[in-house]
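Visitor: Here is my input, please return the structure:
(one chain, ligands or ions: 1)
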Amino acid sequence: MNQEKNIPSPISINFNDLSTVFEQSTNSTHFFIDFNSSKIICIDELKDSNARTKLSQMSKDKRYLKIPSRDINDEELLIEGFIYEPRDVTLVDTLYKTVHRKNGVKHFYQLLESQPYLKEQWLTYRSAVLRNEMINWLCNNNIELTNQHLIPPIEIKELTAEEIELLPDEIKDFRPYACLRCHNKDGMKARIFSINVSPENRLIEQETNRIMKEQFGVSHHGGWSGGDQEFLTASQCPRCGCEEIFWDY
Ligand SMILES: [Zn+2]
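Guide: Got it, this is the predicted structure:
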């Protein structure tokens with residue numbers, strides 16, 4: 001993605017520092033990674049009269065990479081995503097109505113102030129989403145950080161026929177239906193795996209793909225979320241060997 005930048009790998013920048021500046025970046029406060037010093041540099045247009053010149057020079061310099069800025073639209077999207085988070089249906093309804101009236105964002109923040117538990121939930125949600133966005137950005141730019149475990153260890157286990165039998169019907173009835181390459185519908189077998197994490201960022205997806213390939217010989221899998229438990233699904237066409245299969249109920 002950023003062949004034009006000199007990105008050493010890995011670099012020794014603290015992930016939490018990156019996340020913090022990502023949360024603080026705006027259309028006027030810009031942050032860059034300096035690959036020569038492994039430091040984060042801030043250019044604030046409101047405080048620095050030479051900011052424009054510096055920004056223009058730094059954007060062309062291979063040494064610096066700009067950390068994405070966030071604006072009010074990003075914040076609105078984040079709030080939209082949060083509306084359906086609470087398990088309490090009444091609360092979801094209240095949030096929906098609050099956010100979708102005039103000056104919704106302002107009313108949303110006011111609502112949070114009157115409900116400390118909800119505010120806590122919002123802050124947790126917001127920092128988790130931004131953390132994943134930061135991880136995705138690092139992945140997209142092929143930036144690896146030294147000695148930092150950004151994702152938990154992933155455990156994947158293939159379910160036996162007996163274990164599959166014990167699953168709820170809605171996952172058992174979800175079956176490989178037709179090969180996307182040769183359209184064969186016969187002899188499709190479902191493989192189901194349990195996994196201890198949800199695919200919330202690119203790093204988790206990459207690691208999941210690697211484990212599925214290395215441990216189970218699967219190069220294409222699907223996902224199925226059963227509330228608290230996540231599953232992976234895989235199948236292979238017995239006629240042509242293709243692993244891209246259309247699943248249906
Ligand atoms: Zn096929």
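Visitor: When you work out contacts or count neighbours from here on, use the C-alpha atoms and nothing else.
Guide: Fine.
Visitor: quick one: stretch 162-181 to chain centroid distance?
Guide: On the basis of Cα atoms, centre = their mean, to the nearest Å, stretch 162-181 sits 26 Å off its chain's mean C-alpha point.
Visitor: Need the contact partners of whichever strand or helix holds Asn73.
Guide: Secondary structure assignment for Asn73, by DSSP states H and E: helix 72-82. Applying Cα atoms under 8 Å, 6 or more residues apart in numbering, the contact partners of helix 72-82 are Val99, Val105, Trp122, Tyr125, Arg126, Val129.
Visitor: How about the contacts made by the closest residue to Pro8 other than its chain neighbours?
Guide: Once flanking residues are discounted, Pro8 sits nearest to Phe35: 7.0 Å by Cα to Cα, 6 or more residues apart in numbering. Phe35 is in contact with Asn6, Ile7, Pro8, Ile11, Arg63, Tyr64, Leu65, counting by Cα under 8 Å, 6+ apart.
Visitor: Starting from the ion, give me the distance back to the first one.
Guide: Read it as Asn6. 43 Å (Cα to the ion, to the nearest Å).
Visitor: Next, count neighbours for that residue.
Guide: Asn6: 15 surrounding residues under other Cα atoms under 10 Å.
Visitor: Likewise for the one 3 residues further on?
Guide: For Ser9, the neighbour count with other Cα under 10 Å is 12.
Visitor: tilt between the longest helix seen in the chain and helix 72-82?
Guide: When the chain is scanned for its longest helix (criterion: DSSP state H), the result is helix 116-140. The directions of helix 116-140 and helix 72-82 differ by 120 degrees, with axes from the mean of the first three to the mean of the last three Cα atoms, to 10 degrees as the criterion.
Visitor: packing partners for helix 116-140?
Guide: Packing partners of helix 116-140 (3 or more Cα pairs under 8 Å, 6 or more residues apart in numbering; DSSP states H and E): helix 15-24, helix 72-82, helix 104-114, helix 202-216.
Visitor: Repeat the analysis, applying 10 Å as the threshold.
Guide: helix 15-24, strand 64-67, helix 72-82, helix 104-114, helix 202-216 (3 or more Cα pairs under 10 Å, 6 or more residues apart in numbering; DSSP states H and E).
Visitor: so what's the residue at minimal distance from the centre of the chain closest to, chain neighbours aside?
Guide: The residue lying closest to the centre of the chain (Cα atoms, centre = their mean) is Asn201, at 3.0 Å. Counting by Cα to Cα, 6+ apart, Asn201 lies nearest to Asn132, which is 5.4 Å off, once chain neighbours are set aside.
Visitor: How many neighbouring residues does that neighbour have?
Guide: What Asn132 shows, counting by other Cα under 10 Å, is a neighbour count of 19.
Visitor: Then Asn14?
Guide: 15.
Visitor: ok, now Tyr249?
Guide: Look at Tyr249: counted by other Cα under 10 Å, it has 10 neighbours.
Visitor: if I pick it, what's in contact with it?
Guide: Residues in contact with Tyr249 (Cα atoms under 10 Å, 6 or more residues apart in numbering) are Glu170, Ile171, Lys172, Asp173, Phe174, Arg175, Pro176, Tyr177.
Visitor: Pipe these into JSON lines and attach secondary structure per row.
Guide: Formatted as JSON lines, the contacts of Tyr249 follow (DSSP: H, G, I helix; E, B strand; the rest coil):
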{"residue": "Glu170", "secondary structure": "helix"}
{"residue": "Ile171", "secondary structure": "helix"}
{"residue": "Lys172", "secondary structure": "helix"}
{"residue": "Asp173", "secondary structure": "coil"}
{"residue": "Phe174", "secondary structure": "coil"}
{"residue": "Arg175", "secondary structure": "strand"}
{"residue": "Pro176", "secondary structure": "strand"}
{"residue": "Tyr177", "secondary structure": "strand"}
